[in-house]
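Trainee: I would like the atomic coordinates for the input below:
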Amino acid sequence: MKQKLQALFRNVQEKFRNLHSAPEKPQKFQIIQGVLIKCQISPYEKELVIPGGVTAIGTAAFYNCRNIEKIILPDGVQIIRSSAFENCRRLKTVRLPDSITSIYERAFTGCDCLEEIQLPPKLTVISKYLFKDCYVLKQIRIPKKITSVQESAFSGCLSLEEISLPLCRDIPDSLFRNCRNLKTVSIPSASGRIGKGAFHNCENLKNIVLPSRIRIISDNAFQNCLNLPGIQIPENVEFIGFEAFKNSGLEHVVLPSTITQVGTDAFADCKHLERVRFSEGIKEIYPSMFRNCTELKEIRIPEGVRTIKQNAFSGCVNLTDITIPDSVFSVSYTAFTLCHNLRNVTLHGMHFSVRTLCDTGLYSAPYDAMVSITSAISAASHKTAAILHDQKIAAVYQYLFRKYLRNPEDKNLSDYIHENLNLMFCSLIAVKDTELIRKLLTAENLFTKETVQKFILFANQEQAYEIQIILSEFQHTAFAPESIAEMIDHKFEL
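Mentor: Predicted coordinates for the structure are as follows:
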């Protein structure tokens, strides 16, 4: 009995001691099968030494640990998983052991104070968003074994000034977007594509050489590279994307003959662009291609170009000279809008001022191109655009009619005139070219009583009376002026 009481007393004492003993401290690192999956640290703790035996840092293991300034990883760590150190805002130093073979995406995203990092030598891939928004990161040592750099890996690294990329196939999208202090980039020779927005907003980029294998320069690739004075576009480039060089500092551009497509606004708003050289083989001048390039003074369109599209040179306020070859058959009416200083145009090897654009000898077939080019040049004038447009179109038609009178056997010209006779004749009446009208009325196989009657049905009242006056002055038995007058009175109910 005594022994039982003693045992019971000892049990009570033990329980009493347990109630008053300090609770066990929680473990700082939660490690499962070598993977550090969670860290519980004091908000005042600034340096962490990860214990040995850890082989991987788990996903978001240190996410948002805002006060940590230094982390030392032990030898033996092989993998750093996604977002492992994301948003460690005060992290300045990370020691990465040579044993690491993989670092997943966003591992160091948002580490605002990270100034320098040396990537381990066994690493082969720089994952996407890896150092995104590391604002003070100035230097990155990239190992030779890197074969792939993924999108946005260095986006937003505001303090990064220089980097040499390893041997990789492409420059991915947004790789250096918003790296505002980046000045020099070395691109490997194997690269075939510059991705979308790869250097977008790299305001201080000054030196970059594109390798000869580049075929694609994607949308926004060099947009807002304000201090980039020049870039040699390689001969193999086939595609230049939307706003690829918009608002950049380019002063001169040479476009190779291999280009098959250029996106809208590709070189728009390049305020320092003075010279553009097109290589033969280019087929189109694309929409808004050089819009608002205010320092551009002279353009020579090469032989082989067939169309100049809308707003191609719109807003080029200092453009004074342009050369358009025989091959051009279509020019958008807005191609040269707001080019107020356009003075000299060379068409088909002949030089003309804008005001005498349609003088004799200017054009050759196809005839639709004449009207297209003339309309576009006319639209460049700001105060008298409508008047000049009518005058220039009339001048085109005057030239065509005179050419027809000299050579009525020209079938292409004859077909064009017969198809557009009413419109062209109205234009002659508008500029009161009575002499030419009289010559046309006497020309063989052009005007008959029926064609004159059709013209009156097509014309407005003023134009109809003009032709009536001419017919009354010039008696020609084929036209019967009296019946023409009756038709006019009947049409306008006089």
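
Trainee: Residue 80 against residue 103, yeah?
Mentor: Yes: using Cβ atoms under 8 Å, residue 80 is in contact with residue 103, at 4.6 Å. Every C-beta, even on glycine, is put in place using the N, C-alpha and C of the backbone.

Trainee: okay, these two: which has more neighbours?
Mentor: residue 80 (28 against 23; other Cβ atoms under 10 Å).

Trainee: now that one, which residues is it bridged with?
Mentor: Beta-bridge partners of residue 80, counted by DSSP bridges, are residue 57, residue 103.

Trainee: Could you check the pLDDT of it?
Mentor: For residue 80, the pLDDT comes out at 97.

Trainee: what sits against it?
Mentor: Residue 80 makes contact with 56, 57, 96, 100, 102, 103, 104, 107 under the criterion Cβ atoms under 8 Å, 6 or more residues apart in numbering.

Trainee: how does it look with 10 Å?
Mentor: Contacts for residue 80 (Cβ atoms under 10 Å, 6 or more residues apart in numbering) come out as 36, 56-59, 61, 73, 94, 96, 100-104, 107-108, 120, 123, 127, 130.

Trainee: Can I get the buried part of those residues as one ChimeraX selection?
Mentor: Per 16 or more other Cβ atoms under 10 Å, the buried members of the contacts of residue 80 correspond to this ChimeraX selection:
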select :36,56,57,58,59,61,73,94,96,100,101,102,103,104,107,108,120,123,127,130
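
Trainee: Just the ones of the contacts of residue 80 in strands?
Mentor: Residues of these located in strands (DSSP state E): 36, 56, 57, 94, 102, 103.

Trainee: Check the offset of stretch 57-72 from the chain's centre.
Mentor: 40 Å (Cα atoms, centre = their mean, to the nearest Å).

Trainee: tell me how far the ends of that stretch are from each other?
Mentor: 12 Å (Cα to Cα, to the nearest Å).

Trainee: quick one, domains of this protein?
Mentor: Domain assignment of the chain by automatic domain parsing yields the ranges 27-150, 420-491.

Trainee: wouldn't residue 149 be in contact with residue 123 here?
Mentor: No: with contact defined as Cβ atoms under 10 Å, residue 149 does not reach residue 123; the gap is 11.0 Å.

Trainee: what do the two both touch?
Mentor: Listed as contacting both residue 149 and residue 123 by Cβ under 10 Å, 6+ apart are residue 142.

Trainee: ok, the nearest residue to residue 166 once chain neighbours are set aside - contacts?
Mentor: Leaving aside its sequence neighbours, residue 166 sits nearest to residue 146 (Cβ to Cβ, 6 or more residues apart in numbering; 4.0 Å). Counting by Cβ under 10 Å, 6+ apart, residue 146 touches 119, 121, 123, 124, 125, 126, 165, 166, 167, 168, 188.

Trainee: Got the confidence number for residue 466?
Mentor: For residue 466, pLDDT reads 70.

Trainee: Please confirm that it is located within a strand.
Mentor: No: read with DSSP: H, G, I helix; E, B strand; the rest coil, residue 466 is helix and lies in no strand.

Trainee: Can you report how many residues neighbour it?
Mentor: Neighbours around residue 466, by other Cβ under 10 Å: 19.

Trainee: if we can go back for a sec, of all the ones in strands among the contacts of residue 80, which comes closest to residue 308?
Mentor: Using Cβ to Cβ, residue 103 is the member of the ones in strands among the contacts of residue 80 that sits closest to residue 308, with 49.9 Å.

Trainee: Quick check: the closest one vs residue 81, distance?
Mentor: Relative to residue 81, residue 103 is positioned 9 Å away (Cβ to Cβ, to the nearest Å).

Trainee: any common contacting residues for those two?
Mentor: Contacts common to residue 103 and residue 81, judged by Cβ under 10 Å, 6+ apart, are residue 57.
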